[in-house]
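> got a structure for you, letters missing:
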């Protein structure tokens, strides 16, 4: 990424140091107070509070590495829950299809109309060959083994040397369909024929994203990262802002992690939660070392925004206002859209939602990302993290094509890929934790083999495991 300050030691920003051991925060700032100081007369939607407050509890480590949980997760989560298979723009043309693989299951998702998708078990009824290995396209679905042909609706249309199969009929040998629905440009599948409609799982996402629809965004970057860590632990690294003070300490001058707000809702069966960290807010752990103006310079470098003149960003409030306006100007130039009516908070704060079991859509322009986490095969020690940067579709309505994914294999450094820029730097910081956490699960003594979560900042993790326990029928 051009314009990002890459220092001699490989850092992307000046490191002003970490929180000093023994230091304490007296009356730390809250997100509500920071947003109130913006002086906005416009509504700031994310201040709508959650209504769930999960009780403190211990979470056993064995669920992160014991193979017995893999089978339970397939039975009670991956065979039962709505999960994202792809984005709509991944299949731009009628007949485009791809495979969605989860643990030991595989499904074929195909675009069948302008706004229509269907999904099937990815297995030929003849000799079980996968019908789609990765991606493909065509007017029909043909097996690569013996050539059996199916329509885009899954109906069996042709069997070579058909006189050998007098017992085969389209009624019995067509593809087995599963449920598929779309929301926000995301294509969800659910193998459970008795599953409730997707909207029940989406809960408050429907109203919270109504004015900022994700279907009006496109994939500007896609990254697939293989992680030596269980999928649950991998995504839990992104369910709190508490790790910033150590893991992303070089970001503390511009991200106020101690003011991260947590909200959890019972609407939608309690499947949805959110955290929001204020952008262009110097963390109080380093505010005695970094002025608002210095933090603003780092923020502008990280976001590829014009550096502020000397008279801007002299107060925390003005630093946020300058950053928000620079972001508005940047996006208007990029997309041709008008952002003058969007709040400071929408432009620079980082609001990440979570929908059970593994989807993390971001709201706003502060960090317009999209996360998804899933097991990699049936090894509980491996998972895959998918990251997308979703930018607004230009005003002319022309959606840029989805770029080829950037792949980061096991033990590779994301920062070694120049196309990732500062994103690679951040990914590597998080990967170091994930890999070490998985090893730490197994190294812990029995009397300490459980997560100890904070009362507030890690409440989303506790809520996830409340749902997880209920789904799997675990009595702890």
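Everything's here; your move. Please read these numbers as outputs of a predicted model, since none were measured by experiment.

> dump the residue contacts of the residue nearest the centre of the chain.
With distances taken as CA atoms, centre = their mean, the residue of the chain nearest its centroid is residue 371 (1.5 Å). The contact partners of residue 371, by CB atoms under 8 Å, 6 or more residues apart in numbering, come to 235, 238, 352, 359-360, 362, 385-387. (Glycine included, C-beta is placed from N, CA and C.)

> Just give me the neighbour total for residue 24.
7 (other CB atoms under 10 Å).

> what kind of secondary structure is it in?
Using DSSP: H, G, I helix; E, B strand; the rest coil, the structure places residue 24 in coil.

> how about low-confidence regions in this structure?
1-12, 45-46, 476 (pLDDT under 70).

> what ranges do the strands span in the stretch 201-350 of the chain?
Taking DSSP state E, counting those that start in this stretch to define them, one finds strands in the stretch 201-350 of the chain at 217-227, 261-264, 272-277, 350-355.

> centre of the chain versus the second one, how much separation?
Mean-position distance between strand 261-264 and its chain equals 17 Å (CA atoms, centre = their mean, to the nearest Å).

> other SSEs contacting that strand?
Judged by 3 or more CB pairs under 8 Å, 6 or more residues apart in numbering; DSSP states H and E, the packing partners of strand 261-264 are strand 272-277, helix 459-472.

> rerun at 10 Å
helix 31-36, strand 272-277, strand 350-355, helix 459-472 (3 or more CB pairs under 10 Å, 6 or more residues apart in numbering; DSSP states H and E).

> okay, those, which one's buried deepest?
Of the helices and strands packed on strand 261-264, the one with the most neighbours on average (mean count of other CB atoms under 10 Å) is strand 272-277, at a mean of 25.

> could you give the angle of it to helix 459-472?
Per axes from the mean of the first three to the mean of the last three CA atoms, to 10 degrees, the angle that strand 272-277 makes with helix 459-472 is 160 degrees.

> partners of strand 272-277 in the sheet?
strand 261-264 (antiparallel), strand 350-355 (antiparallel) (DSSP bridges).

> residue ranges of the helices in this structure, please?
31-36, 68-73, 170-173, 198-202, 205-208, 231-236, 244-247, 292-303, 316-335, 344-348, 422-443, 459-472 (DSSP state H).

> Identify each buried residue in the fourth one, please.
Just to be clear, that refers to helix 198-202. Neighbour counts over helix 198-202 (16 or more other CB atoms under 10 Å) mark 198, 201-202 as buried.

> Show the contacting residues for residue 153.
By CB atoms under 10 Å, 6 or more residues apart in numbering, residue 153 lies in contact with 110, 112, 118, 120, 140-141, 174-175, 177.

> run the last query once more with 6 Å
With contact set as CB atoms under 6 Å, 6 or more residues apart in numbering, residue 153 has no partners.

> any idea how far residue 262 is from the closest residue to residue 354 other than its chain neighbours?
Excluding the flanking residues, the one nearest residue 354 by CB to CB, 6 or more residues apart in numbering is residue 273, at 5.0 Å. Distance of residue 273 to residue 262, computed by CB to CB, to the nearest Å: 7 Å.
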